[in-house]
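**Student:** Output the structure for:
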Amino acid sequence: MNIPKGKKIYFASDNHLGAPTKETSYPREKKFVAWLDDIKQDAAAIFLLGDLFDFWFEYKTVVPKGFTRTLGKLAELSDSGIPIYYFVGNHDLWMHGYFEEELNIEVFHKPKEFIFNDKIFFIGHGDGLGPYDKGYKRMKKVFTNPIFKWCFRWLHPDLGVKIAQHLSVKNKLISGDDDATFLGEDKEWLVQYSKSKLEDKHRDFFVFGHRHLPMEIKLNDNSSYLNLGDWIQYYTYGVFDGEKLTLKKFENFKEG
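**Tutor:** As a prediction, this is how the structure comes out:
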């Protein structure tokens, strides 16, 4: 993709809408929608790197209630011609066609490589990558197992959502949410994963979410790692102007 002059590519991750309750997450949703409205003038593409919702499961004819403003704004931007790409996170593993069919948003279940203006990007949510996170990796195999999904689908949505929300908060293996403090480059497993990927091929930028910490780290003279932070505490996002990838904070919002 060649980015037209004056256009930019935007990245955001980890909104966890609906947590801890829909009422308390509502102001955060309004701020996120304001950001989407703010960037639509110069967005060449928008990448959402997972955990937009704290829980999401698509039954055959039902999706979770709520998030109307977010879904409506995404539909508006997609209909206007702005391509939107979504990478599922550990809280929204069970996407199965709704975003593609209703919003015309392409959904990815694994990290993927993109090239923008000759710059190579490696993009994903970040869960389960690298040598650690072993407990979560085992749990993810259970959650993505077709038999488990079939059994869960037979629960009434009210019960299924209630159980999932409880586990999302209480079980660290499911949430993948360690204490969000910087561990040092040698212990940040997404940094280590990015460095390992450079051993077989050059990439200019690695962009992930999941850690809930805004981070910009040089991996070598020509490659960088960027973690997008979240829309719970930091309200940070990534922006690529065709040459440079930077991390910014959205502050152009007034409650009203």
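**Student:** where along the protein do the strands fall?
**Tutor:** Along the chain, the stretches classed as strands by DSSP state E are 8-12, 43-48, 84-87, 106-108, 112-116, 119-123, 205-208, 214-218, 224-228, 236-240, 245-249.
**Student:** Of those strands, which stretch is the most buried?
**Tutor:** Compared across the strands of the chain, strand 205-208 shows the largest average neighbour count, a mean of 26 (mean count of other C-beta atoms under 10 Å). Glycine gets a C-beta too; all of them are placed from N, C-alpha and C.
**Student:** I'd like the average pLDDT over stretch 39-52.
**Tutor:** Per-region confidence: stretch 39-52 scores 96 on mean pLDDT.
**Student:** what distance separates the start and the end of that stretch?
**Tutor:** End-to-end span of stretch 39-52 (C-alpha to C-alpha, to the nearest Å): 18 Å.
**Student:** Identify the residues contacting it?
**Tutor:** With C-beta atoms under 8 Å, 6 or more residues apart in numbering as the test, stretch 39-52 has contacts from 1, 3-4, 6-17, 36, 70, 77, 80, 82-92, 123-127, 207-210, 228.
**Student:** do stretch 237-256 as well
**Tutor:** Applying C-beta under 8 Å, 6+ apart, the set of residues contacting stretch 237-256 from outside is 3, 5, 7-12, 27, 30-31, 34-35, 38, 116-117, 119, 121, 205, 207, 214-216, 224, 226, 228-229, 234-236.
**Student:** can we see that at 6 Å?
**Tutor:** 3, 8-12, 31, 34-35, 38, 117, 205, 214, 216, 226, 228, 235-236 (C-beta atoms under 6 Å, 6 or more residues apart in numbering).
**Student:** returning to what we had before: pipe the strands of the chain into TSV and attach distance to residue 100 per row.
**Tutor:** Conversion of the strands of the chain to TSV gives the following (distance: least, C-beta to C-beta, whole Å):
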stretch	distance to residue 100
strand 8-12	19
strand 43-48	14
strand 84-87	9
strand 106-108	6
strand 112-116	15
strand 119-123	18
strand 205-208	22
strand 214-218	30
strand 224-228	23
strand 236-240	23
strand 245-249	27
